[in-house]
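Asks: Have a look at this prediction, sequence included:
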Amino acid sequence: MLSMSECVSDDSYEECRTTADWLLSNTQVRPTVGIVCGSGLGGLAEMLKDPQVFKYSDIPNFPRSTVHGHAGQLVFGTLKGKPCVCMQGRFHLYEGYPIQKITLPMRIFKLMGVETMILTNAAGGLNQDYKVGDVMIIKDHINMPGFAGINPLAGPNDDRFGVRFPCMSDAYNRELRQLAHDVAAELGYDFLKEGVYSVVGGPSFETIAECRMLHRLGADAVGMSTAHEVIVARHAGMRCFALSLISNRAVMDYDSQEKANHEEVLETGRVRSQQLEKLVSIMVARLEQNNNDDNAF
Ligand SMILES: O=P(O)(O)O[C@H]1O[C@H](CO)[C@@H](O)[C@H]1O
Ligand SMILES: Nc1nc2[nH]cnc2c(=O)[nH]1
């Protein structure tokens with residue numbers, strides 16, 4: 001049996017504390033809301049007032065972004081008066097990081113005082129009713145790597161973060177999902193859906209058979225992120241809201257000439273970004289304090 005330090009050497013509580021303290025000593029902002037920008041959605045960070053920017057490469061223990069469309073910086077500021085921290089660029093399994101490393105920012109955010117996580121991503125639409133440009137509120141996820149034991153909570157549990165066996169049936173906060181529906185209705189957005197996100201390892205996009213299988217399993221959209229971050233955020237007692245921008249339709253038909261590609265993913269982000277910024281900023285303005293700390297100690 002590996003010891004805690006052998007398993008999670010540089011992702012330990014002490015390392016997260018060091019990084020959180022370093023950030024807190026370099027900014028006046030005390031964030032209660034964390035935002036993760038998905039592929040092509042980095043513009044969400046530009047909503048923050050009085051931004052203070054830290055390159056990932058300057059932050060102790062922080063991984064680096066390697067994917068086009070992920071700037072690789074942490075932005076602190078206020079959004080409608082609420083103190084926020086925004087990841088302009090996230091980490092993915094396919095970049096070669098251990099799963100504990102790609103989810104490390106969630107724990108650092110928790111130690112900085114973040115109570116609510118808002119996560120965004122670009123995803124392929126499996127649901128045949130979905131169109132490119134639709135936005136799917138995530139109500140649940142299917143963690144495909146998790147079935148093979150690839151879970152960010154695998155290894156010794158540190159009770160200071162959360163319990164050994166955290167509940168995930170309430171991973172995506174019901175009140176925040178309702179708030180998103182209400183705000184979208186007020187804004188007249190007719191492109192909002194709600195569905196199940198399936199995470200896969202990537203970086204290759206899915207085969208036709210894989211898309212068909214995921215759809216049959218109950219997934220409405222497929223991507224390569226978010227679910228791992230949500231698992232770690234929920235473990236630490238933060239409430240989570242997540243949405244997928246449907247950047248392409250997953251290819252389900254052997255006669256189709258369509259091909260998934262990252263350029264289309266980034267372009268869809270550009271088209272919808274302003275509307276998503278509006279949705280997220282109004283939601284943040286209406287956030288109540290999080291009392292939903294049931295998994296954490
Ligand atoms: O999930 P985000 O970071 O939005 O990125 C999505 O877009 C990339 C593929 O184009 C993959 O990384 C996929 O996960
Ligand atoms: N796995 C996966 N990730 C995506 N990100 C954006 N589109 C897709 C897709 O079709 N499949």
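Replies: Received the coordinates, thanks. Ligands and ions are numbered 1, 2, ... in the order given.

Asks: only C-alpha atoms for contact and neighbour calcs from this point on.
Replies: Fine.

Asks: Going along the chain, name the helices of this protein.
Replies: 4-7, 13-26, 99-102, 104-112, 144-147, 174-187, 208-217, 227-235, 262-285 (DSSP state H).

Asks: any idea which of those helices is most buried?
Replies: Mean neighbours per residue, mean count of other C-alpha atoms under 10 Å, is largest over the helices of the chain for helix 227-235, with a mean of 26.

Asks: Convert the C-alpha atoms of it to PDB, please.
Replies: These are the backbone C-alpha positions of helix 227-235, laid out as PDB (Å, rounded to 0.1, in the frame of the first residue of the first chain):
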ATOM      1  CA  ALA A 227     -16.800  15.900 -14.400                       C
ATOM      2  CA  HIS A 228     -13.400  15.400 -12.700                       C
ATOM      3  CA  GLU A 229     -13.400  19.000 -11.400                       C
ATOM      4  CA  VAL A 230     -17.000  18.600 -10.200                       C
ATOM      5  CA  ILE A 231     -16.100  15.400  -8.300                       C
ATOM      6  CA  VAL A 232     -13.300  17.200  -6.400                       C
ATOM      7  CA  ALA A 233     -15.300  20.400  -5.800                       C
ATOM      8  CA  ARG A 234     -18.300  18.400  -4.400                       C
ATOM      9  CA  HIS A 235     -15.900  16.300  -2.300                       C
END
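
Asks: Next, see if that helix gets close to ligand 1.
Replies: No. Counting by C-alpha under 6 Å from any ligand atom, ligand 1 has no neighbours in helix 227-235; the shortest distance is 9.5 Å.

Asks: For the stretch 151-297 of the chain, which residues are neighbours of ligand 1?
Replies: Residues of the stretch 151-297 of the chain lying near ligand 1 (C-alpha under 6 Å from any ligand atom): 223-225, 262, 265.

Asks: out of the residues you listed, which one sits closest to residue 237?
Replies: Nearest to residue 237 among those is residue 225, at 19.6 Å by C-alpha to C-alpha.

Asks: Name all residues that make contact with that closest one.
Replies: Contacts of residue 225 were listed using C-alpha atoms under 8 Å, 6 or more residues apart in numbering, and they are 91-93, 121, 199-200.

Asks: restrict these to those near ligand 2?
Replies: Okay, of the contacts of residue 225 touching ligand 2 (C-alpha under 6 Å from any ligand atom), that's residue 200.

Asks: mind showing which ranges of the stretch 151-297 of the chain have poor pLDDT?
Replies: For the stretch 151-297 of the chain, the stretches flagged by pLDDT under 70 are 289-297.

Asks: Point out the residues in it that sit beside ligand 2.
Replies: 200, 202, 205, 222-224, 247-248, 250, 260, 265.

Asks: related to what we said a few turns ago, turn the contacts of residue 225 into CSV, columns for neighbour count.
Replies: Listed next are the contacts of residue 225 as CSV, based on neighbours: other C-alpha atoms under 10 Å:
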residue, neighbour count
91, 27
92, 24
93, 21
121, 25
199, 23
200, 22
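
Asks: Out of the contacts of residue 225, which comes closest to ligand 2?
Replies: Relative to ligand 2, the closest of the contacts of residue 225 is residue 200; by C-alpha to the nearest ligand atom it sits at 6.0 Å.

Asks: pretty sure the closest one is in contact with residue 141, am I right?
Replies: No. Using C-alpha atoms under 8 Å, residue 200 makes no contact with residue 141, being 10.9 Å away.

Asks: any common contacting residues for the two?
Replies: Joint contacts of residue 200 and residue 141 (C-alpha under 8 Å, 6+ apart) do not exist.

Asks: Which residue is most remote from the mean position of this structure?
Replies: In the chain, counting by C-alpha atoms, centre = their mean, residue 255 sits farthest out from the average C-alpha position, at 33.4 Å.
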